[in-house]
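Chemist: How does the following fold in three dimensions:
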Amino acid sequence: MPTESAEALPPPDLWGQPVLARIHGEIDPFEDLSCFRPLERAYTGDNTFWTVPSPEPRLSDDFWRDVAGHLGDERIQAAAQTLAAAVTRWEPKGDRLVFAAILRAGVPVADWLCRLIPGARAAALSLFVGLGIDGVALGALRRRYPERKVVFVDGWTGRGGVARTIAELNQGPLAVLVDPWGWADFSGAGEDLFCPTACFTGVATLGFSRTFFVDDTRLFGAYRFPVRYRREALVAAWQARCPAPRQTDAAPPGTPSRFFRKTPLRIHANEVCRALINAAPQRLLFRDSADRVTRRYPLLLDLAERRGVPVRCGVKDLADLRTRVACTLAAC
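Modeler: As a prediction, the model looks like this:
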């Protein structure tokens with residue numbers, strides 16, 4: 001069972017970003033199952049939900065080869081260029097920026113932004129909707145980079161919960177690659193694009209668990225995972241596919257109007273991917289025809305097959321939610 005440790009997280013050979021969290025020892029994600037919450041336990045607004053990390057799926061070599069084969073999506077690369085240009089219009093000097101990468105999805109995006117904006121730095125910290133930001137970590141970030149402007153970075157927005165939480169902090173803007181409902185301050189795309197890093201797990205690409213809340217006076221915690229499970233080549237492949245910087249004076253993209261509609265569904269392709277990894281979806285729904293779904297979402301279909309989740313295509317009503325993908329959850 002895990003023992004307390006105060007060593008830094010994680011080793012710098014993966015992402016080169018300091019992670020502002022505290023290790024509570026090393027566990028095996030596929031053996032020490034008592035350290036994780038059950039897959040079928042859904043968030044109900046009870047913040048004790050965030051005191052235990054979500055479980056980690058055991059995914060095959062074939063799956064990770066498929067993920068690696070989708071990392072060079074030109075639409076995602078273009079979104080990253082657009083996002084970097086939007087940030088630099090706000091602050092042109094990279095050495096005046098520090099990206100607060102929200103674990104986990106913000107880490108790969110912040111990695112690309114640091115490559116696209118010379119001089120920028122990044123560190124990773126935790127934020128859970130309902131519970132809020134890791135305030136101890138945010139304070140440590142500001143002490144480490146007192147002269148820099150903080151920009152929070154996430155992979156995408158879902159229903160805007162993270163964006164609203166960050167706005168309430170009034171500590172800096174939010175930048176995301178994909179923002180279908182228009183809640184971020186800076187975004188790379190307003191279309192519901194699937195980003196392959198949504199498949200990245202803590203086991204494969206971070207080396208530690210999802211973080212968990214301890215108390216208001218301490219950093220959020222995490223369990224370290226054995227090195228043998230890491231897919232370092234996958235991380236390196238994502239980094240190698242970072243696009244070249246685009247001229248910052250290029251015309252900014254049209255920003256989608258801010259939108260919200262209450263729904264029990266988990267919506268948007270990347271949020272659905274996360275549900276297929278660490279939740280218990282009952283049915284996967286697509287707006288598009290089966291042929292188009294097969295072309296556009298092979299990784300989602302692969303995960304659904306592995307989890308035994310039935311799929312329904314041609315659900316036109318999803319257009320009313322500004323999403324191409326959704327799923328029902330056990331608690332819905």
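Chemist: Do a quick rundown of the helices in the protein.
Modeler: Under the criterion DSSP state H, helices of the chain are mapped to 61-69, 74-90, 106-116, 135-144, 161-169, 202-205, 232-240, 269-278, 290-296, 298-307.
Chemist: Indicate which one of those helices is closest to Q17.
Modeler: Closest to Q17 of these is helix 106-116 (C-beta to C-beta; 6.3 Å). Where C-beta positions appear, they are placed from N, C-alpha and C, glycine not excepted.
Chemist: Report the rounded mean pLDDT for that closest one.
Modeler: Average pLDDT, helix 106-116: 98.
Chemist: so it versus helix 74-90, what angle?
Modeler: Orientation check (axes from the mean of the first three to the mean of the last three C-alpha atoms, to 10 degrees): helix 106-116 against helix 74-90 gives 70 degrees.
Chemist: How far does helix 106-116 sit from its chain's centre?
Modeler: 12 Å (C-alpha atoms, centre = their mean, to the nearest Å).
Chemist: and it, what other elements does it pack with?
Modeler: Where contact means 3 or more C-beta pairs under 8 Å, 6 or more residues apart in numbering; DSSP states H and E, helix 106-116 is packed against helix 74-90, strand 97-102, strand 121-125, strand 149-156, strand 174-178, helix 232-240.
Chemist: could you give the angle of it to strand 149-156?
Modeler: Relative orientation of helix 106-116 versus strand 149-156 (the same axes, to 10 degrees): 120 degrees.
Chemist: Turn the helices and strands packed on helix 106-116 into TSV, including mean pLDDT.
Modeler: Output for the helices and strands packed on helix 106-116, formatted as TSV (pLDDT from 0 to 100):
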stretch	mean pLDDT
helix 74-90	96
strand 97-102	98
strand 121-125	96
strand 149-156	98
strand 174-178	97
helix 232-240	97
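Chemist: can you redo these as a markdown table with distance to P298 and mean neighbour count?
Modeler: Shown next, in a markdown table, are those (distance: least, C-beta to C-beta, whole Å; neighbours: other C-beta atoms under 10 Å):
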| stretch | distance to P298 | mean neighbour count |
| --- | --- | --- |
| helix 74-90 | 15 | 20 |
| strand 97-102 | 27 | 26 |
| strand 121-125 | 29 | 23 |
| strand 149-156 | 19 | 24 |
| strand 174-178 | 18 | 27 |
| helix 232-240 | 17 | 15 |
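Chemist: of those, which approaches L219 most closely?
Modeler: strand 121-125 (8.5 Å).
Chemist: could I have that closest one exported to CSV, CA atoms only?
Modeler: C-alpha atoms of strand 121-125 as CSV (Å, rounded to 0.1, in the frame of the first residue of the first chain):
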residue,chain,number,x,y,z
ARG,A,121,6.8,28.1,-19.3
ALA,A,122,4.2,25.7,-18.0
ALA,A,123,3.4,23.9,-14.8
ALA,A,124,0.5,21.5,-14.1
LEU,A,125,-2.0,21.7,-11.3
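Chemist: ok, residues contacting it?
Modeler: Residues from elsewhere that reach strand 121-125 (C-beta atoms under 8 Å, 6 or more residues apart in numbering): 15, 17-21, 97-103, 106-107, 110-111, 113-114, 133-134, 137-138, 141, 144-145, 148, 153, 220.
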